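> here are the coordinates; sequence isn't available:
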């Protein structure tokens, strides 16, 4: 799970565009971005992905133009 | 999306037990808890739910014994 803190005012189209920018290059790092949720009021965006490492996820987000502020492994899911 | 900060060392069984405690009473507030992801190392747990208000979600988590440290509406999803 990674978190972005500064996306105040993000729109549905911008969220989709950002997600598509990740999808376009994610294969180069073996990452699969699955879902993302955004709160335009607080500027928080949560992205759920699978990948070989936190760094791989960071690199895709950076190259796509929206570096993550936090990346946390979430090995447990229910 | 709500976030718990202090669940260091949480196990898969404990995550399931906590989630089931929410499910058992969520209907009383019209909340539906959908998924949860946990990082035992950092103690972070993320819960995705739908409900009528942030307060409703807070109340269910409190009554189930694991109050949320943050609750954020996430009206956008991709």
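Looks like it arrived, so ask away. Predicted model only: the values in this text are computed from it and were never measured.
> what sits against the residue nearest to the spatial centre of chain A?
Closest to where the C-alpha atoms of chain A average out (CA atoms, centre = their mean) is residue A:47, at 4.0 Å. Under the criterion of CB atoms under 8 Å, 6 or more residues apart in numbering or on different chains, the neighbours of residue A:47 are A:1, A:2, A:3, A:4, A:19, A:22, A:33, A:35, A:36, A:61, A:68. C-betas here are computed from N, CA, C, even on glycine.
> tabulate those in CSV, adding columns for pLDDT.
Below are the contacts of residue A:47 laid out as CSV (pLDDT from 0 to 100):
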residue, pLDDT
A:1, 98
A:2, 97
A:3, 98
A:4, 98
A:19, 98
A:22, 98
A:33, 98
A:35, 97
A:36, 98
A:61, 98
A:68, 98
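> can you pull the buried residues of the strand or helix carrying the residue nearest to the centre of chain A?
When secondary structure is defined by DSSP states H and E, residue A:47 falls within strand A:44-50. Neighbour-count burial for strand A:44-50, with 16 or more other CB atoms under 10 Å in any protein chain shown as criterion, is recorded at A:44, A:45, A:46, A:47, A:48, A:49.
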